[in-house]
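Visitor: structure, please.
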Amino acid sequence: MSVRNSVKNVKPECFAKSQRKSFEYEEIKTLNTEDELTEFQQSLKSQGLHKKSEINGKWERIITYECEETKRGCKYVLIIRTSHDDLKSLITHRTCGHQHLNPKNSNLTKEIKALMSMYTHLPASRIQRKLKEAGLPILPKLQITNFLNRERKKKRESDAAENPVADVEIEHKRGRPKKISYK
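Guide: Numbering: from 1, shown residues only. Have a look, this model is predicted:
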């Protein structure tokens, strides 16, 4: 028996790629008119769903809506299938649930933002110390740095709007004028 045949018979215990997840779908409603469909689509926007795709097939149009919290792990999807013949719409959804276990939680309160905007000239480690002295929760250095960069950028844009760019002409070595702009 050769080495090749012995390797073929061995089943791999771990795969290089994880297997694709398959979801189960359940029928919710059937809509009979175009007006009911547009009314239903308007109600989806208020439920926190947005349109992911719209595919016009040969026999039906498929519109897919997904939850706005997909980046946080919500796998909820709603599919509307409308046939071209009788304009009957079949609405199905994933049975995985639409519960948001990870609520949106921002540590940047108004007090923290005010304190950090006062100390935009300081590095992140010093601002962490100031937050600790003030009795506020200490944020990671990366978050503080990102906030400071946004604040500095806003300040530069507002300063640029107030002060137009100054153009100055300087004599070049060979006598030609050279234009320099300062921001």
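
Visitor: going forward, measure contacts between C-alpha atoms and count neighbours the same way
Guide: Will do.

Visitor: in the top helix by length along the chain, which residues are buried?
Guide: Assignment by DSSP state H gives helix 141-162 as the longest helix of the chain. By 16 or more other Cα atoms under 10 Å, the buried positions in helix 141-162 come out as Ile144, Thr145, Phe147, Leu148, Glu151.

Visitor: which strands and helices sit next to it?
Guide: helix 110-118, helix 124-134 (3 or more Cα pairs under 8 Å, 6 or more residues apart in numbering; DSSP states H and E).

Visitor: let me know the angle separating the longest one from helix 141-162.
Guide: Going by axes from the mean of the first three to the mean of the last three Cα atoms, to 10 degrees, helix 124-134 is angled at 100 degrees with respect to helix 141-162.

Visitor: any buried residues in helix 124-134, and which?
Guide: Residues of helix 124-134 classed as buried: Ala124, Ile127, Gln128, Lys130, Leu131 (neighbour count, 16+ other Cα under 10 Å).

Visitor: ranking helices and strands of this protein by mean pLDDT, which lands last?
Guide: helix 3-8 (a mean of 49; mean pLDDT, DSSP states H and E).

Visitor: so what are the domain limits for the chain?
Guide: 25-94, 110-162 (automatic domain parsing).

Visitor: so which of those is nearest Lys17?
Guide: domain 25-94 (19.9 Å; Cα to Cα).

Visitor: for the record, mean pLDDT for the closest one?
Guide: Here domain 25-94 scores 88 as its mean pLDDT.

Visitor: run the chain-centre distance for that domain.
Guide: Chain-centre distance of domain 25-94: 21 Å, with Cα atoms, centre = their mean, to the nearest Å.

Visitor: ditto for stretch 131-143
Guide: For stretch 131-143, the distance to the chain centre is 25 Å (Cα atoms, centre = their mean).

Visitor: partner residues bridging Leu31?
Guide: Beta bridges link Leu31 to Ser89, judged by DSSP bridges.

Visitor: just say helix, strand or coil for the residue positioned nearest the centre of the chain.
Guide: Geometric centre of the chain, nearest residue: Lys71, 6.5 Å, by Cα atoms, centre = their mean. Here Lys71 is recorded as helix under DSSP: H, G, I helix; E, B strand; the rest coil.

Visitor: adding mean pLDDT, write the helices and strands packed on helix 141-162 out as JSON lines.
Guide: Putting these into JSON lines (pLDDT from 0 to 100) gives the following:
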{"stretch": "helix 110-118", "mean pLDDT": "89"}
{"stretch": "helix 124-134", "mean pLDDT": "92"}
